[in-house]
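Undergrad: structure for this input, please:
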Amino acid sequence: MGLRIGPKYKIARRLEEKIFSKTQTTKFAISGSEKSGKQGGRKKTVSEYGRQLLEKQKAKYTYGVNERQFSNYVKEVRGLKNINTSSEMFRLLESRLDNIVFRLGLANSRLLSRQMVSHGHILVNGRRVTVPSARVRIGDKISVRVQSQQKGMFASLAERLKTYTTPNWLIFDDKSMAGEVKGSPEYGGNESNLNFASILEFYSRV
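TA: Just a heads-up that it's a prediction; the model follows:
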C-alpha cells in the first residue's frame, strides 16, 4: 500500500523545496523518490517565467503570506531608492512578527507562530500584538505573555531550544521567555534559499 500524501507534501514536491515543517521528514523524502522513480528521473524543462513563478510561490508558502500581502511588499521595495531590492524584500518578510516568533524558536513552524500571535500570546515591548504581519524593528523586545507561559504550546520549549540555534541578529532568554531584535537579517545567509531577484523580475512582467 502506497503512502498517502497530503496537500502540503504535494505543494512542496511541486516546488521542489521543503517549505513546511511536515515536509522536513523521511516520509517526504520517500514520497519524492517514489515520484521521481515513476517518471524515470526525468524533469520537465521549465521556462524562465516558470522558474520565476516557482520562486514566488516558494516565498509565499515559506512565509505564509497571500498574494495581496506579497505584492504590497514588492510595491514597497520598488518605491525605495538606492537599496538592494532583494535584500530589502528579504528584510521585510523576515521582520514580520510571526516570522520573528518562529526565528526565536518559540514555534517550530510559521503556522504555529501565527496562531501564537493571533491568539494574543505574544507581547512586543510589553504590549500584546495580535497581528501576525506587524513589523518588528531593531531594539524591539518580544516576549511570551506571562499568563500564556504555562500553556501546552510552550510546555516543551526549554527542551526544544536545547537543539535550536537562534539567528545572530536575535537574542533569546528561555528562562524569561523573552528576546530582542539586535540587528537585521543578512540576505544570502543560511536563513534564505529564495531567489528574490528572480521573484522581483516576475513582478516586472505583470
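
Undergrad: for this structure, which segments are assigned as helices?
TA: 7-15, 26-38, 48-63, 67-78, 85-94, 97-103, 110-118, 152-155, 157-161, 196-205 (DSSP state H).

Undergrad: any idea which of the ones you listed is most buried?
TA: Using mean count of other CB atoms under 10 Å, the stretch among the helices of the chain with the largest mean neighbour count is helix 97-103, at a mean of 24. The C-beta positions use only the backbone N, C-alpha and C, and glycine is treated the same way.

Undergrad: circling back to that earlier point, out of the helices of the chain, which is closest to Glu186?
TA: Checking the helices of the chain against Glu186 by CB to CB gives helix 85-94 as the closest, at 7.9 Å.

Undergrad: in this structure, what helix or strand scores lowest on average pLDDT?
TA: In the chain, no helix or strand scores lower on mean pLDDT, DSSP states H and E than helix 26-38, which sits at a mean of 48.

Undergrad: and Gln147, how many neighbours?
TA: 9 (other CB atoms under 10 Å).

Undergrad: separation between it and Leu123?
TA: 11 Å (CB to CB, to the nearest Å).

Undergrad: likewise Gln115?
TA: 16 Å.

Undergrad: once you drop chain neighbours, what's closest to the residue nearest the centre of the chain?
TA: Nearest to the mean C-alpha position of the chain, by CA atoms, centre = their mean, lies Tyr63 at 3.7 Å. Nearest in space to Tyr63, with sequence neighbours left out and distances taken as CB to CB, 6 or more residues apart in numbering, is Leu93 at 5.0 Å.

Undergrad: cool, Gly188 as well?
TA: Ser87 (7.9 Å).

Undergrad: that neighbour contacts Ser192, doesn't it?
TA: No: counting by CB atoms under 8 Å, Ser87 stays clear of Ser192, with 9.8 Å between them.

Undergrad: who touches both of the two?
TA: Residues touching both Ser87 and Ser192 (CB atoms under 8 Å, 6 or more residues apart in numbering): there are none.

Undergrad: pull up the gap between the residue nearest to Tyr63 and Met177, please.
TA: 24 Å.

Undergrad: where in the protein is pLDDT low?
TA: Under the criterion pLDDT under 70, the flagged ranges of the chain are 1-44, 190-191, 206.

Undergrad: using the record's assignment, carve it into domains.
TA: 7-38, 48-93+187-205, 96-181 (automatic domain parsing).

Undergrad: phi and psi next, for Ser184.
TA: Torsion angles at Ser184 (phi, psi; degrees, to the nearest 10) stand at phi -110, psi 140.

Undergrad: list the contacts of Val65.
TA: Val65 neighbours (CB under 8 Å, 6+ apart): 73, 93, 96, 133.

Undergrad: count of neighbours near the closest residue to the third one other than its chain neighbours?
TA: In this structure, Arg96 finds its nearest non-sequential neighbour in Ser133, 5.4 Å apart by CB to CB, 6+ apart. Other residues lying near Ser133 total 18 when counted by other CB under 10 Å.
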